[in-house]
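>>> How does the following fold in three dimensions:
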Amino acid sequence: MERNLKNVLVISFGFLLLFTAYGGLQSLQSSLHSEEGLGVASLSVVYAALILSSMFLPPILIKKLGCKWTIAGSMCCYIVFSLGNFYASWYTLIPTSVILGLGGAPLWSAKCTYLTIAGNSYAEKAGKNGKDIINQYFGVFFLIFQSSGIWGNLISSLIFSQASNKVEISEENLACCGAYDCLTDTTNTTGLAEPSNSLIYTLLGIYTASGVLAVLLIVIFLDQIKPDQAETEKEILETPSFCSTFLATFQHLKDKRQCLLIPLTMTSGFEQGFLSGDYTKTYVTCALGIHYVGYVMICFSSVNSLCSLLFGKISQFTGRKLLFALAAVTNTACIIALLLWKPHPKQLAVFFVFPALWGLSDAIWQTQTNGLYGILFEKHKEAAFANYRLWESFGFVIAFGYSTKLQVYIKLYILLSVLVLSMVMYGAVEYLEAKSSPGTPTATKKENVGPLTEETDM
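Take a look at the predicted model:
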């Protein structure tokens with residue numbers, strides 16, 4: 001047990017170090033590289049590459065390299081993205097974003113495979129239930145991994161707070177903040193001028209070093225799969241070919257319920273994309289300064305993690321319908337408020353209320369949508385979750401793709417429209433389920449399945 005637990009902790013802290021860097025960088029892209037929308041364009045490319053990567057790369061790399069070296073190699077892709085930010089241009093950031101996206105799917109797949117093999121191996125030796133041990137290992141992993149959103153954003157805010165070149169923000173510049181933004185570079189209109197290159201390089205140096213430490217931790221301390229576990233690894237990796245996986249993913253669309261769930265799945269990508277791409281830039285950076293972005297995203301991450309745990313537990317008592325309704329009402333209220341609110345530095349608390357409420361609703365979208373997929377498509381989980389990853393990633397790609405082309409109020413109306421459509425379609429799914437199985441309660445204990453869904457954030 002001690003050796004297996006050591007490997008679980010090595011992977012967990014490796015991911016913590018890696019995503020401390022990537023999470024902080026993702027939150028800053030729209031504010032740090034706002035020229036011609038370079039930052040959000042790079043994020044759109046990341047998720048587009050992730051779509052391609054998830055379809056064929058994971059089984060190929062894991063079979064050739066094994067779990068340990070697939071994890072280490074994929075982590076290097078994230079380091080390359082950090083290096084690309086040192087000299088951010090279309091010729092450096094876009095190619096490194098492609099590399100990161102291609103490395104994302106193998107990284108998470110190898111991690112899941114390793115923890116599954118380790119859990120089954122220990123369970124077999126100890127005479128315990130394999131699923132129970134695997135769940136314990138994943139619980140330890142996410143307990144450690146979830147805090148990465150806090151540390152990465154805290155580092156960025158503390159470093160950018162060191163800037164001494166404070167300038168007074170004018171009411172004229174504040175008029176360009178919020179829903180009716182001026183589609184300009186908001187970084188230079190804030191109460192804190194654009195961070196100096198020395199501060200930016202310091203931050204990027206810390207993030208790069210964090211990624212390098214993650215790779216070294218895996219290479220030095222993570223045990224390779226033992227020969228007696230090789231058969232288990234082969235069994236887990238006996239996956240269909242790219243063509244068959246691709247076809248199965250789209251053949252699953254013949255199921256009416258899957259088609260109806262597409263807007264709900266894309267809503268997750270849209271709302272996360274808006275918060276990290278638009279709210280951080282046109283509300284926080286514009287009115288307060290880039291040094292507040294980290295603090296705001298810490299608020300979101302903290303509430304999101306706590307609520308993911310909470311809603312995963314209480315869904316068996318409340319049922320998914322009530323939770324989906326709560327998320328829809330919360331998001332709708334936030335969207336309407338963001339349309340009406342004119343951000344001002346004197347209203348500091350309000351800047352944190354929105355990400356807190358956003359974190360609450362996002363926790364529901366993540367846990368309950370994944371749980372819904374697991375329940376509705378129990379016999380075709382692989383194809384169903386491939387569709388989940390596909391459509392959520394498309395939501396990210398679209399949200400980041402049009403980020404610099406439209407004013408914020410238009411994006412809020414688009415988000416509201418997608419949200420309303422997704423709720424109507426979800427209602428149709430519930431109606432079909434109730435019609436096909438009358439007398440069967442919709443809320444079952446099976447619904448308490450979703451908290452592992454943070455993986456969709458790469």
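>>> Going by C-alpha atoms from here, please, whenever you check contacts or count neighbours.
Fine.
>>> now the nearest residue to A21 once chain neighbours are set aside: how far from A72?
Counting by CA to CA, 6 or more residues apart in numbering, Y207 is the residue found nearest to A21 once chain neighbours are left out, at 4.5 Å. In this view, Y207 and A72 are 17 Å apart by CA to CA, to the nearest Å.
>>> returning to what we had before: confirm that the residue nearest to A21 sits in a helix.
Yes - assessed with DSSP: H, G, I helix; E, B strand; the rest coil, Y207 lies in a helix.
>>> What about it, how many residues nearby?
Burial measure for Y207: 27 neighbouring residues, criterion other CA atoms under 10 Å.
>>> what residues are up against it?
Listed by CA atoms under 8 Å, 6 or more residues apart in numbering, the contact partners of Y207 are T20, A21, Y22, S82.
>>> What pLDDT is listed against it?
According to the prediction, Y207 has pLDDT 94.
>>> shouldn't A363 be in contact with S302?
No - the criterion here is CA atoms under 8 Å, and A363 misses it with S302 at 10.7 Å.
>>> who's more crowded, those two?
The neighbour count for A363 versus S302, taken as other CA under 10 Å, is higher for A363 (29 against 19).
>>> what comes up buried for stretch 150-163?
For stretch 150-163, burial by neighbour count (16 or more other CA atoms under 10 Å) applies to I150, W151, G152, N153, L154, I155, S156, S157, F160, S161.
>>> buried stuff in stretch 83-90?
For stretch 83-90, by 16+ other CA under 10 Å, it's L83, G84, N85, F86, A88, S89.
>>> which one of those residues sits closest to F354?
Taking CA to CA as the measure, F354 sits nearest to N85 out of these, at 28.4 Å.
>>> Could you dump the buried residues of stretch 150-163 into TSV and include distance to K256?
Formatted as TSV, the buried residues of stretch 150-163 follow (distance: CA to CA, whole Å):
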residue	distance to K256
I150	40
W151	42
G152	41
N153	41
L154	44
I155	46
S156	45
S157	46
F160	50
S161	52
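>>> follow-up on the earlier one: from G289, how far out is the residue nearest to A21?
To G289, Y207 is 21 Å away according to CA to CA.
>>> cool, and L416?
In terms of CA to CA, L416 sits 27 Å off from G289.
>>> These two: who's more crowded?
Neighbours around L416 and G289, counted as other CA under 10 Å, are more numerous at G289. The numbers are 29 against 21.
>>> Need the per-residue pLDDT for that one.
pLDDT at G289 comes out at 84.
>>> same deal with the one 10 residues further on?
Among the per-residue scores, C299 shows a pLDDT of 92.
>>> List the residues that contact it.
Contact analysis of C299 by CA under 8 Å, 6+ apart lists F352, P355, A356.
>>> Nearest spatial neighbour of the second one, chain-adjacent residues omitted?
Closest residue to P355 apart from its sequence neighbours, by CA to CA, 6+ apart: F300 at 4.8 Å.
>>> Kindly report the same for the last one.
With CA to CA, 6+ apart as the criterion, A356 has its nearest non-adjacent residue at 5.1 Å, and that residue is F300.
>>> sec struct for the one you found, please.
Secondary structure state of F300, per three-state DSSP, is helix.
>>> Give me the neighbour count for it.
Other residues lying near F300 total 24 when counted by other CA under 10 Å.
>>> Please apply the same query to T318.
Counted with other CA under 10 Å, T318 comes out at 13.
>>> before we move on, what about S198?
Neighbours of S198 under the rule other CA under 10 Å: 9.
>>> The helix or strand it falls within: which residues count as buried?
Using DSSP states H and E, S198 maps to helix 197-221. Across helix 197-221, burial judged by 16+ other CA under 10 Å covers 199-200, 202-215, 217-219.
>>> and the helix ranked longest in the chain, what does it pack onto?
Scanning the chain for the helix with the most residues, using DSSP state H, yields helix 38-84. If contacts are counted by 3 or more CA pairs under 8 Å, 6 or more residues apart in numbering; DSSP states H and E, helix 38-84 sits against helix 2-32, helix 93-126, helix 197-221, helix 242-251, helix 381-401.
>>> Worst mean pLDDT among these?
helix 242-251 (a mean of 67).
>>> Run the angle between whichever helix or strand comes after that helix and helix 38-84 for me.
Under the assignment DSSP H and E, the closest C-terminal helix or strand after helix 242-251 is helix 256-274. Per axes from the mean of the first three to the mean of the last three CA atoms, to 10 degrees, the angle that helix 256-274 makes with helix 38-84 is 80 degrees.
>>> who touches stretch 37-56?
Here stretch 37-56 makes contact (CA under 8 Å, 6+ apart) with 26, 29-34, 89-90, 93-94, 97-106, 241-242, 245-246, 277, 389-390, 393-394, 396-401, 403-404.
>>> That stretch: which residues count as buried?
Buried residues in stretch 37-56, defined by neighbour count with 16+ other CA under 10 Å: 37-51, 53-56.
>>> still on that earlier bit, now flag whichever of the buried residues of stretch 83-90 is closest to G130.
Out of the buried residues of stretch 83-90, the member with the shortest distance to G130 (by CA to CA) is L83, at 40.5 Å.
>>> Show me which positions of stretch 334-353 end up buried.
Neighbour-count burial for stretch 334-353 flags C334, I335, L338, L339, K342, P343, H344, P345, F351, F352 (criterion: 16+ other CA under 10 Å).
>>> Please disregard the earlier target; I meant stretch 415-434.
So stretch 415-434, judged by 16+ other CA under 10 Å, has buried residues L415, L416, V418, L419, V420, L421, S422, M423, M425, Y426, V429.
>>> can you list contacts of it?
Looking at stretch 415-434 with CA under 8 Å, 6+ apart, the contacting residues turn out to be 257, 260-264, 267, 270-271, 328, 332, 335, 440, 442.
>>> Kindly report the same for stretch 21-36.
Residues contacting stretch 21-36 (CA under 8 Å, 6+ apart): 37-40, 43, 78, 82, 88, 148-149, 152-153, 155-156, 185-187, 206-208, 210-211, 276-278, 280-281, 285, 290, 293-294, 297, 404.
>>> where does the protein have low pLDDT?
1, 163-170, 183-194, 226-246, 248-249, 381-382, 438-458 (pLDDT under 70).
>>> quick check, distance from stretch 12-26 to the centre of its chain.
In this view, stretch 12-26 has its centroid 12 Å away from the chain centroid, taken as CA atoms, centre = their mean, to the nearest Å.
>>> picking up where we left off before, report the buried members of the contacts of stretch 37-56.
By 16+ other CA under 10 Å, the contacts of stretch 37-56 give 26, 29-34, 89, 93-94, 97-106, 245, 277, 389-390, 393-394, 396-401, 403-404 as buried.
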